[in-house]
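Q: what's the 3D shape of this:
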Amino acid sequence: KGDAGAARYLTVASQAADDYGDHTLANGTVAVLQVDGDIFAEQFGVKSDGTASADTLEAVLSYANNLADAKVVLPKGNILVERSLTGLNGAILVGQGINATVLQSNGDYTAFEFTGRFEARDLTLQQISGTFEGIGFGNKRTDTSDNQATYTRFERVSVTGFDFSWWYRASIWCSWKDNYSKSLVGIRFARNADPYDVTSDAPAGWNQYQPTIGWFHNVGIIENVNFEDDECGVYGCAMGYTLISNTTQSQNGDKANHKILPVTEDPTGIWLQSGAEGSRNAWSNSITSNYSEVCFRPFKIQDQKSCTITAGFMQGGAGATPYPTAIEVDNSLCYIESFTGQDFFDTRVIAKNNATVYGKIEGLSTGGTVTIEDTSKLFEKREYGTYITGYQFTSGTAVDSYEIPVDLSNNSHYVLKVGGLYNGSSIRNATFDVFRKAGDSLTSIELSSGTTPNFNVTVSGGRLVVNKTGSFIFDFNVTLHQVSESVSQSEVLTPI
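A: Numbers count the residues shown, from 1 in each chain. Alright, predicted model coming up:
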């Protein structure tokens, strides 16, 4: 029955049989497939000659759902999945190689729809209908509480030709590694059940499942994936995700033709959101070593409590045709470190709707202006976490001076506190704000509280100096509090 005799069976008395893996014999007995290790799809009649195989493939995947860590091994060739395969939970789908095993979909449906765990590796899934449509891998398109992907993994998988290569309604502990995507959108972390409604908020809050799912995409990793999707590579409301060494390229079409993204938005490499527009309630997403080329807007960071972009590169457009925006930060706190680019963008950074951006993108050839709305701030070098260094010294009766061994940074702010026991019987203390623009001549030392009858503070050679002015012994305690280092505000104000 399609297995070419390539399987072992145990004949038993009459019982239920699917007639794909287990077979009912002429005498009414049943030949029960004996599985030792991997399950070979050909044993269930799966064909690799391009003929319809949804029924047989569904049978073997259903069989695998009932076994722990069962691997369904696919043959080389083209396997037509002519309808959606649903209810998948537990199967591991393994091909013979990304160019050897080719699964083919030919319509507007989710080719592989899972409700829990699912894995695929070493294969290609392609839409062959002649137009972008459908979903490659994904959840059910519902808000029901049972609709969550858990521990899904994809390695060395190519997905092409769909509206979405991967579409998730809710998910946790999912991973992608060494994959390729060429659809309209690569990975979509959705916040409602309609894949094409990208503007409505989630129907309920974070991590809410009863009576309906709110929004939940928590803790995952995307590593070394090449997103050549037309509209967006990674798009949606993820939380606690780590993106490492990915590529986003070819997001450079006419936004007026968007099918998924709003037509007001430029094609984008990575667009992170939260569960509701304007609610800053997504956080702990990290993007490292991202490469972007032929991408109109490499990043849009929206409604994030915190997001870090570290060590990446962005290739801009030609001089006569610069790309629109390198990074757009909307209602978010975003840290940018060790990020560079080349060629041309109209705008290096857009910060809007109470956004705060720390960091600077180096290497853009020209243009690369900064647009900052009145509600937002940009600090072109990351503000350092505050730290305090303490010093103690005891003067003699002479007029002494003590240098604090810290080289002051330009464009920086410090708070200096000086106090101690004077003449063994009274307390002296004062606090100073120290602003250093550039060099000693542009360093301001302002008394902000306390009094200084027996000492003062000066600057010499880029260091602060505490000078005792009386002849009595002074037991000094000094703390230098560095508020920020090398901060420069790039916003240019105009007269009102």
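
Q: every contact and neighbour count from this point should use C-alpha atoms.
A: Noted.

Q: doesn't Glu231 make contact with His258?
A: Yes: the criterion here is Cα atoms under 8 Å, and His258 meets it with Glu231 at 7.0 Å.

Q: those two: which has the busier surroundings?
A: Taking other Cα atoms under 10 Å, His258 and Glu231 do not tie; Glu231 has more neighbours (32 against 17).

Q: separation between the more buried one and Asn139?
A: 21 Å (Cα to Cα, to the nearest Å).

Q: Ser175 too?
A: Applying Cα to Cα to Ser175 and Asn139 gives a distance of 15 Å.

Q: neighbour-wise, which of these two wins?
A: Neighbour count, other Cα under 10 Å: between Ser175 and Asn139, Asn139 has more, with 25 against 20.

Q: identify the residues contacting Val466.
A: 401-404, 455-458 (Cα atoms under 8 Å, 6 or more residues apart in numbering).

Q: which of those residues lies closest to Trp283?
A: Among the contacts of Val466, Ile404 lies closest to Trp283 (Cα to Cα), at 39.1 Å.

Q: which residues touch the closest one?
A: Contact analysis of Ile404 by Cα under 8 Å, 6+ apart lists 391, 463-466.

Q: what do you get if the cut-off is 10 Å, keeping everything else the same?
A: Ile404 makes contact with 389-391, 459, 463-466, 478-480, according to Cα atoms under 10 Å, 6 or more residues apart in numbering.

Q: ramachandran angles for it?
A: Dihedral pair for Ile404: phi -90, psi 120, per degrees, to the nearest 10.

Q: please apply the same query to Leu61.
A: Here is the backbone geometry of Leu61 (degrees, to the nearest 10): phi -70, psi -40.

Q: would you agree it is in contact with Val94?
A: No: the criterion here is Cα atoms under 10 Å, and Leu61 misses it with Val94 at 11.5 Å.

Q: list the residues that contact both of those two?
A: Joint contacts of Leu61 and Val94 (Cα under 10 Å, 6+ apart) are 39, 41, 71-72.

Q: the host helix or strand of Arg188 packs against which elements?
A: Using DSSP states H and E, Arg188 maps to strand 185-189. When contacts are defined as 3 or more Cα pairs under 10 Å, 6 or more residues apart in numbering; DSSP states H and E, strand 185-189 sits against strand 135-138, strand 164-168, strand 226-227, strand 232-236, strand 268-272.

Q: can you redo those as JSON lines with mean neighbour count, mean pLDDT and distance to Thr369?
A: As requested, those are exported to JSON lines (neighbours: other Cα atoms under 10 Å; pLDDT from 0 to 100; distance: least, Cα to Cα, whole Å):
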{"stretch": "strand 135-138", "mean neighbour count": "27", "mean pLDDT": "98", "distance to Thr369": "38"}
{"stretch": "strand 164-168", "mean neighbour count": "27", "mean pLDDT": "98", "distance to Thr369": "33"}
{"stretch": "strand 226-227", "mean neighbour count": "26", "mean pLDDT": "98", "distance to Thr369": "27"}
{"stretch": "strand 232-236", "mean neighbour count": "26", "mean pLDDT": "98", "distance to Thr369": "24"}
{"stretch": "strand 268-272", "mean neighbour count": "27", "mean pLDDT": "98", "distance to Thr369": "19"}
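
Q: indicate which one of these is closest to Ile98.
A: Per Cα to Cα, nearest to Ile98 of the helices and strands packed on strand 185-189: strand 226-227, 13.9 Å.

Q: so which elements touch the closest one?
A: strand 180-182, strand 185-189, strand 232-236, strand 247-249, strand 291-293.

Q: and those as CSV, adding distance to Val263?
A: As requested, the helices and strands packed on strand 226-227 are exported to CSV (distance: least, Cα to Cα, whole Å):
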stretch, distance to Val263
strand 180-182, 20
strand 185-189, 14
strand 232-236, 13
strand 247-249, 19
strand 291-293, 21
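
Q: who's in contact with Asn456?
A: Residues near Asn456 by Cα under 10 Å, 6+ apart: 401, 418, 430, 447, 465-469.

Q: er, Thr160 I mean
A: 104, 124-128, 132, 135-136, 180-184, 186, 228-229.

Q: mind giving me the ChimeraX select for these, buried ones only?
A: The ChimeraX selection below is limited to those of the contacts of Thr160 classed as buried (16 or more other Cα atoms under 10 Å):
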select :104,124,125,126,127,128,132,135,136,180,181,182,183,184,186,228,229
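
Q: where does pLDDT dip in the stretch 51-200 of the chain?
A: For the stretch 51-200 of the chain, applying pLDDT under 70 flags no range at all.

Q: which outside residues touch stretch 467-475?
A: Contact partners of stretch 467-475, identified using Cα under 10 Å, 6+ apart, comprise 392-403, 419-424, 426-428, 452-458, 476.

Q: can you flag which of those belong to strands?
A: 392-394, 401-403, 419-422, 426-428, 455-458, 476 (DSSP state E).

Q: got JSON lines for the contacts of Val466, with pLDDT and distance to Trp283 too?
A: Shown next, in JSON lines, are the contacts of Val466 (pLDDT from 0 to 100; distance: Cα to Cα, whole Å):
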{"residue": "Ser401", "pLDDT": "87", "distance to Trp283": "48"}
{"residue": "Tyr402", "pLDDT": "88", "distance to Trp283": "45"}
{"residue": "Glu403", "pLDDT": "90", "distance to Trp283": "43"}
{"residue": "Ile404", "pLDDT": "89", "distance to Trp283": "39"}
{"residue": "Phe455", "pLDDT": "87", "distance to Trp283": "47"}
{"residue": "Asn456", "pLDDT": "90", "distance to Trp283": "45"}
{"residue": "Val457", "pLDDT": "93", "distance to Trp283": "43"}
{"residue": "Thr458", "pLDDT": "95", "distance to Trp283": "43"}
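
Q: among those, name the buried ones.
A: If you count burial by 16+ other Cα under 10 Å, the buried members of the contacts of Val466 come out as 401, 404, 455-457.

Q: with that, I have no additional questions.
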